[in-house]
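Following is a predicted model, sequence given first.
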Amino acid sequence: MPALETTPAPADGPLIDTFGRVGSDLRISVTDRCNFRCTYCMPAEGLTWLPKDEILTFEELTRLLRLFVRLGVRSLKVTGGEPTVRADLPTLVRMFREAGPDLDISLTTNGVLLETLAAPLAEAGIDRATVSCDSLLRHRFSEMTRRDALEKVLRGLRAAEDAGLTPIKINCVVIGGTNDDEVVGFARWARETGYEVRFIEYMPLDAQHAWERAKVVAARTVLERIGDVFPLVAHGDGAEPATTYAFADGAPGRVGVIPSVTEPFCDSCNRMRLTAEGQFRNCLFALQETDVRGPMRAGASDDDLEALLREGMWNKWAGHRIDHPDFVQPARSMSMIGG
Ligand code: SAM
């Protein structure tokens, strides 16, 4: 349910909602296009891309980022679709870096183009990379992404390390009966590589609406399975949605969990999203968006746009309702939102 609050959003201070949560982490989707077709995200074919003129230009994206920085955003994730398929991404990153010299800027990518892009992206201003990888088995990776690209992704990871896009995080969506038998293998890999492998609970955000509750593997279960083989100790300050653990024996690497379904962290959520075509979303699961592109292209001033963003954040609901009977899946899939 959207918040019923009718008082206007504050005219100054950071972006805040009626529950007192401050938006300080922004995800900007730079394209809706993707070169993978992950089964839990997109159909094999038939997803229509946005026409080019509907996608925000580099100048529009940077203008909005500058506003967000003015409003207190401290970290930026560049995402998509697959962000690396946006032509000339390093130029855009350079513009982002100029707009936010002190921003923590990371890239969320499937990694398949990092072999050539890691160095130019690091040079342009990306600090860190998060690479999605759901299986370390070639045949399963191919089945899940519909691309036979595991080797290329592993080479991309090495390029990211060489370029200094560290610490490297791995996003692994765990789906019951598909790849949940690999969680211990992923933990072993974290110990060997020093990566932080974050296990994400499967969420109802797939374009096909084929999500099943029964296929969600609870973060708790993942941690128990790993802990039985490699005892874990809590690590970090808990400010991130991924609860992070180190290995009790002092081995390198970390494991983390993002328990969006079984233990939602809406109460402390600081995330906001801007879609590739300029819709502001105050929640991954939001059913309402704030159109920023329309007013911007109609000549809105920075102050007008700031007021729009403030209003958009102010109306954030208490939290998503995946486990409630009245849950409604957003019309957009993860690739159209920007994960
Ligand atoms: N293409 C980039 C990538 O692969 O990281 C960025 C966009 S992708 C949509 C961002 C993240 O969302 C990926 O880690 C992906 O696995 C995750 N994701 C997509 N659909 C999901 C779903 N239904 N449940 C949980 N995570 C999902």
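Structure's in. What do you need? Residues are numbered from 1 along each chain as shown.

Kindly report the residues of this protein close to the ligand.
Taking C-beta under 6 Å from any ligand atom as the criterion, the neighbours of the ligand within the chain are 34, 40-41, 79-80, 82, 108-110, 132, 171, 173, 200, 202-203, 205-206, 334-335, 339. (Each C-beta comes from the backbone N, C-alpha and C, glycine too.)

Filter those down to just the ones in strands.
Assignment to strands by DSSP state E places the following of the residues of the chain next to the ligand there: 79, 108, 109, 132, 171, 173, 200.

Now do the helices in this structure.
Under the criterion DSSP state H, the chain carries helices at the ranges 58-70, 89-99, 114-124, 138-145, 150-162, 183-193, 219-229, 293-297, 302-314, 334-337.

mind putting those in CSV, mean neighbour count and mean pLDDT included?
Listed next are the helices of the chain as CSV, based on neighbours: other C-beta atoms under 10 Å; pLDDT from 0 to 100:
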stretch, mean neighbour count, mean pLDDT
helix 58-70, 18, 98
helix 89-99, 19, 98
helix 114-124, 20, 98
helix 138-145, 17, 98
helix 150-162, 19, 98
helix 183-193, 19, 98
helix 219-229, 17, 98
helix 293-297, 16, 98
helix 302-314, 18, 98
helix 334-337, 24, 91
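
got TSV for the ones you listed, with distance to residue 276 too?
Converted to TSV, the helices of the chain look like this (distance: least, C-beta to C-beta, whole Å):
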stretch	distance to residue 276
helix 58-70	9
helix 89-99	12
helix 114-124	18
helix 138-145	21
helix 150-162	22
helix 183-193	30
helix 219-229	29
helix 293-297	10
helix 302-314	17
helix 334-337	8
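
And the pLDDT at the residue in the chain positioned nearest to the ligand?
When scored by C-beta to the nearest ligand atom, the chain has residue 339 as its residue closest to the ligand, at 2.6 Å. In the predicted model, residue 339 carries a pLDDT score of 79.

and the gap between it and residue 142?
Remark: distance between residue 339 and residue 142 (C-beta to C-beta, to the nearest Å) = 21 Å.

again, but for residue 95
Going from residue 95 to residue 142 by C-beta to C-beta gives 36 Å.

And residue 193, by the same measure?
Separation of residue 193 from residue 142 (C-beta to C-beta): 22 Å.

hmm, back to that, mark which of the residues of the chain next to the ligand are buried, thanks.
34, 40-41, 79-80, 82, 108-110, 132, 171, 173, 200, 202-203, 205-206, 334-335, 339 (16 or more other C-beta atoms under 10 Å).

List the residues that contact the residue of the chain closest to the ligand.
Listed by C-beta atoms under 8 Å, 6 or more residues apart in numbering, the contact partners of residue 339 are 27, 79, 108, 205, 284.

Which members of those residues are the farthest-apart pair?
Between all members of those, the longest pairwise span (C-beta to C-beta) is found for 108 and 205 and amounts to 14.5 Å.

Residue 84 - nearest residue in space that isn't next to it in sequence?
residue 113 (4.1 Å; C-beta to C-beta, 6 or more residues apart in numbering).

Just give me the neighbour total for residue 42.
22 (other C-beta atoms under 10 Å).

my guess is it meets residue 32, correct?
No: counting by C-beta atoms under 8 Å, residue 42 sits too far from residue 32 to count as a contact (10.4 Å).

what's the overlap in contacts for those two?
Common contact partners of residue 42 and residue 32 (C-beta under 8 Å, 6+ apart): residue 335.

what about the stretch 201-339 of the chain, any weak spots by pLDDT?
The model of the stretch 201-339 of the chain has pLDDT under 70 over residues 237-242.

again, only using 90
Per-residue confidence for the stretch 201-339 of the chain (pLDDT under 90) gives these ranges: 208, 235-243, 320-327, 331-333, 338-339.

what's the neighbour count on residue 71?
21.

Quick check: closest non-adjacent residue to it.
residue 15 (5.0 Å).

Enumerate every residue touching the one you found.
For residue 15, counting by C-beta under 8 Å, 6+ apart, the contacting residues are 22, 23, 24, 68, 71, 72, 73, 272, 309, 310, 313.

Against residue 12, how distant is the first one?
Same thing as residue 22. From residue 22 over to residue 12 the distance is 13 Å, taken as C-beta to C-beta.

Could I get the contacting residues of the closest residue in space to residue 94 that isn't next to it in sequence?
In space, not counting the residues next to it along the chain, residue 94 is nearest to residue 124; the distance is 4.4 Å by C-beta to C-beta, 6+ apart. Residues counted as contacts of residue 124 (C-beta under 8 Å, 6+ apart) are 90, 91, 93, 94, 97.

In contact with the second one, which residues?
Applying C-beta under 8 Å, 6+ apart, we find residue 91 in contact with 58, 124.

Just want to check the distance between it and residue 326.
45 Å.

Fine by me, thanks again.
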